[in-house]
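Participant: no sequence on this one, just coordinates:
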């Protein structure tokens, strides 16, 4: 199995790209494990937000004069984080995929009110800063190997070998 199919960041990045969502998943087991992974990440964000922003105490209305049968039981107005994250993920996955020209970061910026927790996860996953270290190492190796005086490789063969080398390192 290629490393990008088991890497959490790659899986989340593919699902959170509104052009792909789960289209890339070949079998149902992969789809379910990917959905579970996404729901877990969204639930983490939701729990973190709840800890940072404690709910505002609701003003209790004055007690009613008439007695009802279940007045002794407290009312529950809050939903747990897993339910909220689950419904947000399901709503996103059920929506129609976007056209291929859609920029994922623009999509999540436009839909952050519709999917607030998922927008935070998308920002964390899709906005990973690119590092030039791997590219610098590749160019360094390429400079040592591919010189006209020392090599009879064609440009096409050299490109293929560099791609294989980069793929094997990652």
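Facilitator: Perfect, thanks for sending it. Given the structure is predicted, the values throughout are model-derived calculations rather than measurements.
Participant: contacting residues around the helix or strand hosting residue 125?
Facilitator: Assessed by DSSP states H and E, residue 125 sits inside helix 116-126. Under the criterion C-beta atoms under 8 Å, 6 or more residues apart in numbering, residues 9, 12-13, 16-17, 38, 41-42, 45-46, 49, 84-85, 88-89, 92, 104-105, 108-109, 111-112 lie in contact with helix 116-126. (C-beta placed from N, C-alpha, C; glycine too.)
Participant: Give the other helices and strands that the worst-scoring helix or strand of the chain on mean pLDDT contacts.
Facilitator: Least confident element among the helices and strands of the chain, by mean pLDDT, DSSP states H and E: helix 133-145 (a mean of 72). Here helix 133-145 touches helix 155-169, going by 3 or more C-beta pairs under 8 Å, 6 or more residues apart in numbering; DSSP states H and E.
Participant: got the angle between the helix it packs on and helix 133-145?
Facilitator: 140 degrees (axes from the mean of the first three to the mean of the last three C-alpha atoms, to 10 degrees).
Participant: any idea of the mean pLDDT in helix 155-169?
Facilitator: In this model, helix 155-169 has a mean pLDDT of 79.
Participant: Return the set of buried residues in that helix.
Facilitator: Buried positions in helix 155-169, judged by neighbour count with 16 or more other C-beta atoms under 10 Å: residue 162.
Participant: Over to stretch 98-118?
Facilitator: Buried-residue list, stretch 98-118, by 16+ other C-beta under 10 Å: 98, 104, 107-108, 111, 115, 117-118.
Participant: Would you check which pair of these lies furthest apart?
Facilitator: Using C-beta to C-beta, the buried residues of stretch 98-118 span at most 19.5 Å, a distance reached by 98 and 117.
Participant: Take the buried residues of stretch 98-118 and write them to CSV, including pLDDT and distance to residue 29.
Facilitator: Output for those, formatted as CSV (pLDDT from 0 to 100; distance: C-beta to C-beta, whole Å):
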residue, pLDDT, distance to residue 29
98, 85, 26
104, 88, 25
107, 92, 27
108, 91, 27
111, 92, 28
115, 91, 25
117, 91, 25
118, 90, 23
